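Asks: Model the structure of this input:
(4 chains)
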Number of protein chains: 2
Amino acid sequence: MNAQFKKGVLDMCVMALLGFRDRYGYELVHEISERFEISEGSIYPLLRRLLTEGYVTTYLQESDEGPARKYYSLTKQGIMARDELISEWRDFSAAVSDLIGEMTNAEG
Amino acid sequence: MNAQFKKGVLDMCVMALLGFRDRYGYELVHEISERFEISEGSIYPLLRRLLTEGYVTTYLQESDEGPARKYYSLTKQGIMARDELISEWRDFSAAVSDLIGEMTNAEG
DNA sequence: TTCACTATCTTGTAATGCAAGATACTTAAA
DNA sequence: TTTAAGTATCTTGCATTACAAGATAGTGAA
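Replies: Numbers count the residues shown, from 1 in each chain, chains lettered A, B, ... in the order given. Purely as a prediction, here's the structure:
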């Protein structure tokens, strides 16, 4: 999988998942991995960025299965950023898919 | 428009356009600009990369309207790279759109 | 001669995914 | 006891790439 495709999209996916319910980093890695390849080295720095930008807040919660989990919760700013990203993604991915469709259908 | 979304996608779009017919840099900038925002500072270095990787060849052609145009032509390797990228893009963008759809429809 | 348009190219910066590795808790097998 | 597997977080440094900004240069019209 082309790593470049994921640039910017990962933020959006994480925020979309957090919009549904709070989640912790490890959970996000596994959740997204069901859709496409992703590594922990991408998610943890990304979550830190979202925190710095005020798009998420965090709280610790103990677990019976291992170390405490750090849950992430989407803020109002996060919701707005997410919605903006999703809107841009829809326009952009549609434009790209159109272009590809036109160029490959008409190919000589 | 989120610049991050374009990472990797621009290569694919340029190669898709070149798969239809040979084009020169300035032309590509304007062609792609009809679909989404793009600048010359992205296209010319990108074309140089494609050349280095053997995905395109070039030839000069004089013009009545200004300086000579450098046309880019897709090689067999370029065609294979393009097809691979397009296949990955289709899978990836579908996965992302699905995830977003599921998370925003079911939102509380 | 000045401007607009056409056309190519370079430099430096910012952003971000990821490999690799460190740390630490729990449980179960050897 | 020791070892390993699974769960969980975090950091460092690297590679890639879009783009702003600016330089250069040809053509044709005002």
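Asks: So which residues on chain A come close to DNA strand C?
Replies: A:1, A:3, A:6-11, A:37-42, A:45-46, A:49, A:64-67 (CB under 7 Å from any atom of the strand). Yep, even glycine has a C-beta here, placed from its N, CA and C like the rest.
Asks: hmm, 6 Å instead?
Replies: Taking CB under 6 Å from any atom of the strand as the contact definition, chain A meets DNA strand C at A:3, A:6-8, A:10-11, A:37-42, A:45-46, A:49, A:64, A:66-67.
Asks: ok, which of those also contact chain B?
Replies: Here is what survives when the residues of chain A next to DNA strand C are matched to chain B using CB under 8 Å from any CB of the partner chain: A:3, A:6-8.
Asks: In CSV: those residues, plus neighbour count.
Replies: Formatted as CSV, those follow (neighbours: other CB atoms under 10 Å in any protein chain shown):
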residue, neighbour count
A:Ala3, 12
A:Lys6, 22
A:Lys7, 17
A:Gly8, 17
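Asks: what's the helix or strand for A:Thr57?
Replies: strand A:56-61 (DSSP states H and E).
Asks: Relative to that strand, what are the paired strands and their orientations?
Replies: strand A:69-74 (antiparallel) (DSSP bridges).
Asks: could you check whether the partner strand is close to DNA strand D?
Replies: Yes - on the criterion CB under 6 Å from any atom of the strand, strand A:69-74 is in touch with DNA strand D at A:69-70.
Asks: Next: stretch A:84-104.
Replies: No - on the criterion CB under 6 Å from any atom of the strand, stretch A:84-104 is out of touch with DNA strand D, staying 10.5 Å away.
Asks: So for that stretch, what gets flagged as buried?
Replies: A:85-86, A:88-89, A:92-93, A:95-97, A:99-100, A:103 (16 or more other CB atoms under 10 Å in any protein chain shown).
Asks: again with stretch A:53-70
Replies: Counting neighbours by 16+ other CB under 10 Å, the buried set in stretch A:53-70 is A:55-56, A:69.
Asks: how about it as CSV, C-alpha atoms only?
Replies: Extracted in CSV, the C-alpha atoms of stretch A:53-70 (Å, rounded to 0.1, in the frame of the first residue of the first chain):
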residue,chain,number,x,y,z
GLU,A,53,-4.2,21.2,18.1
GLY,A,54,-7.1,20.9,20.6
TYR,A,55,-9.0,18.4,18.4
VAL,A,56,-9.1,15.7,21.2
THR,A,57,-8.9,15.4,24.9
THR,A,58,-7.6,12.3,26.8
TYR,A,59,-8.3,10.4,30.0
LEU,A,60,-6.7,7.2,31.4
GLN,A,61,-8.7,4.1,32.2
GLU,A,62,-7.3,1.0,33.8
SER,A,63,-7.6,-2.4,32.1
ASP,A,64,-7.7,-6.0,33.2
GLU,A,65,-5.7,-7.2,30.2
GLY,A,66,-2.6,-5.0,30.4
PRO,A,67,-1.4,-1.5,31.1
ALA,A,68,-3.9,1.4,31.4
ARG,A,69,-5.5,2.7,28.2
LYS,A,70,-5.4,6.3,27.2
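Asks: Thank you, goodbye.
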